[in-house]
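Peer 1: I would like to see how this sequence folds:
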Amino acid sequence: MKVLQSALALVAALGIAATAVPAVAQQAEKPKLTLGVGGKPLLYYLPLTIAERKGFFKDEGLDVSINDFGGGAKSLQALIGGSVDVVTGAYEHTIRMQAKGQDIVSVIELGRFPGIVLVAKKDSNIKSLKDLKGAKIGVTAPGSSTNFFVNFLLAKEGLKPEDVAFVGVGGGASAVAQMKRGGLDAMSNLDPVITKLESDGDVIVLADSRTEQGNDKIFGGTNPAAVLYMKTDFVTQNPVTTQKLVNAFYKALAWLKTATPEDVAAVVPEEYLLGDKALYVAAVKNSLPIYSRTGMIPESGMKNALNMLVEFDPELKAAKVDLAKTFDPRFVKKASEGGK
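Peer 2: From the prediction side, this is the model:
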């Protein structure tokens with residue numbers, strides 16, 4: 001009798017397990033998709049590279065093709081135009097697009113600090129933000145987060161974006177080269193570009209958002225940076241795919257919590273090191289604090305991002321932005337519970 005009861009219990013358990021399998025191993029509606037990014041080698045986007053190189057997308061059954069554009073504004077344009085499905089880019093774009101009537105939503109925070117640094121050429125007359133009037137300033141791409149960062153800093157000094165000239169320089173070795181050539185007075189960029197220029201003695205730092213102290217000074221607190229965002233329609237039509245994407249990025253953030261700079265250098269492509277592994281390790285050390293600890297965007301961070309944009313964007317001053325529509329927390333919550 002006990003044997004029979006045990007057998008029945010086993011059958012029941014197997015039956016439960018069998019019915020649970022489809023829920024656990026749900027198929028993505030769109031297992032093959034294209035992701036846009038603006039400057040993938042930048043440490044701003046390190047969680048993307050980690051998810052790719054550590055196989056976290058493949059673990060979720062996804063085949064993700066990555067299109068690397070010259071800056072975040074270009075990857076946003078690709079999303080609006082339909083040539084990419086999702087974007088790893090700046091959170092600010094979700095706010096600006098809502099004001100323009102475009103439903104774009106972020107689903108996981110990758111960076112809690114922007115990590116953007118504004119530097120000036122060391123031998124120039126620019127010693128403070130007030131001296132930027134008339135300057136030629138390099139940014140990853142016009143309309144990108146590096147551009148917004150400068151616009152905000154200018155506004156705090158009573159200056160306008162039109163008071164300077166912006167030049168798109170990308171985010172890798174080309175950005176370093178353009179600063180060294182002397183065609184720029186200042187640059188708003190990210191690591192490893194900034195650490196390279198600092199270590200070579202080419203620049204002085206005017207504003208640094210790589211640390212908590214720096215963000216408090218500039219924004220008054222955290223300011224969400226890189227996120228995974230997409231059209232709201234994509235989320236509605238592809239909830240399983242969206243969850244799997246978030247799971248992969250959540251794993252990348254978890255890996256980064258305990259990774260050393262040397263661990264990171266061992267994972268990224270060789271060309272990301274800019275020919276100097278020790279320098280890259282130093283850049284990672286400078287930037288590790290910027291990554292999100294939870295994947296969740298706090299309400300205070302959303303407000304800081306909106307306040308930054310309102311400072312220099314007249315269109316946003318008049319717009320009614322519902323910040324709750326810029327971030328959907330459901331997928332991060334599930335990822336934190338195992339992603340099922």
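Peer 1: drop to CA atoms for contacts and neighbour counts, all remaining ones
Peer 2: Fine.
Peer 1: okay, which residue is most central for this structure?
Peer 2: In the chain, the C-alpha nearest the mean C-alpha coordinate belongs to Ala226, at 1.8 Å (CA atoms, centre = their mean).
Peer 1: what's the distance between it and Lys32?
Peer 2: Separation of Ala226 from Lys32 (CA to CA, to the nearest Å): 22 Å.
Peer 1: next one: Asn67
Peer 2: 14 Å.
Peer 1: same question, Gly138
Peer 2: 35 Å.
Peer 1: the two: which is more packed in?
Peer 2: Gly138 (28 against 13; other CA atoms under 10 Å).
Peer 1: let me see the domain layout of the chain.
Peer 2: Here the domain parsing of the chain from automatic domain parsing is 32-114+223-336, 117-219.
Peer 1: what about the ones you listed, which gets the closest to Gln26?
Peer 2: domain 32-114+223-336 (7.1 Å; CA to CA).
Peer 1: gap between the two ends of the closest one?
Peer 2: Taking CA to CA, domain 32-114+223-336 runs 24 Å from one end to the other.
Peer 1: which positions in stretch 312-327 come out as buried?
Peer 2: Neighbour-count burial for stretch 312-327, counted by 16 or more other CA atoms under 10 Å, picks out Phe312, Asp313, Leu316, Val321, Leu323, Thr326, Phe327.
Peer 1: report the contact partners of Pro289.
Peer 2: Listed by CA atoms under 8 Å, 6 or more residues apart in numbering, the contact set of Pro289 reads Phe113, Arg210, Thr211, Glu212.
Peer 1: before we move on, the earlier item: JSON lines for the buried residues of stretch 312-327, including distance to Glu52 and secondary structure?
Peer 2: Output for the buried residues of stretch 312-327, formatted as JSON lines (distance: CA to CA, whole Å; DSSP: H, G, I helix; E, B strand; the rest coil):
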{"residue": "Phe312", "distance to Glu52": "36", "secondary structure": "helix"}
{"residue": "Asp313", "distance to Glu52": "35", "secondary structure": "coil"}
{"residue": "Leu316", "distance to Glu52": "35", "secondary structure": "helix"}
{"residue": "Val321", "distance to Glu52": "33", "secondary structure": "coil"}
{"residue": "Leu323", "distance to Glu52": "30", "secondary structure": "helix"}
{"residue": "Thr326", "distance to Glu52": "25", "secondary structure": "helix"}
{"residue": "Phe327", "distance to Glu52": "23", "secondary structure": "strand"}
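Peer 1: can you tell me which of these comes closest to Ile204?
Peer 2: Using CA to CA, Phe312 comes nearest to Ile204 of these, at 24.7 Å.
Peer 1: show the pLDDT at that closest one.
Peer 2: What the model reports as pLDDT for Phe312 is 89.
Peer 1: show me where the chain dips below the pLDDT cut-off.
Peer 2: For the chain, the stretches with pLDDT under 70 are 1-25, 339-340.
Peer 1: out of the buried residues of stretch 312-327, which comes closest to Ala177?
Peer 2: Taking CA to CA as the measure, Ala177 sits nearest to Phe312 out of the buried residues of stretch 312-327, at 29.6 Å.
Peer 1: my guess is the closest one contacts Asn151, does it?
Peer 2: Yes - with contact defined as CA atoms under 8 Å, Phe312 reaches Asn151; the gap is 6.2 Å.
Peer 1: which neighbours do the two share?
Peer 2: By CA under 8 Å, 6+ apart, the residues touching both Phe312 and Asn151 are Lys160, Pro161.
Peer 1: tell me the contacts of the residue lying closest to Ser128 once chain neighbours are set aside?
Peer 2: In this structure, Ser128 finds its nearest non-sequential neighbour in Leu206, 6.1 Å apart by CA to CA, 6 or more residues apart in numbering. Residues counted as contacts of Leu206 (CA under 8 Å, 6+ apart) are Val117, Leu118, Val119, Ala120, Lys127, Ser128, Leu129.
Peer 1: let's verify Lys320: helix, strand, or coil?
Peer 2: Of the three states, Lys320 takes coil according to DSSP: H, G, I helix; E, B strand; the rest coil.
Peer 1: next, format the domains of the chain as CSV and append distance to Gln26.
Peer 2: Compiled in CSV, those are given as follows (distance: least, CA to CA, whole Å):
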stretch, distance to Gln26
domain 32-114+223-336, 7
domain 117-219, 36
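Peer 1: state the helix or strand in which Lys334 lies.
Peer 2: helix 330-336 (DSSP states H and E).
Peer 1: what's that helix in contact with?
Peer 2: Val107, Ile108, Thr242, Gln243, Val246, Asn247, Tyr250, Gly295, Met296, Gly339, Lys340.
Peer 1: buried ones in it?
Peer 2: Those would be Phe331, Val332, Lys333, Ala335, Ser336, for helix 330-336 by 16+ other CA under 10 Å.
Peer 1: now the fourth one: how far from Leu274?
Peer 2: As for Ala335, its distance to Leu274 is 34 Å (criterion: CA to CA).
Peer 1: surely the residue nearest to the centre of the chain and Val87 touch.
Peer 2: No - the pair Ala226 / Val87 is not scored as a contact, 9.7 Å apart, by CA under 8 Å.
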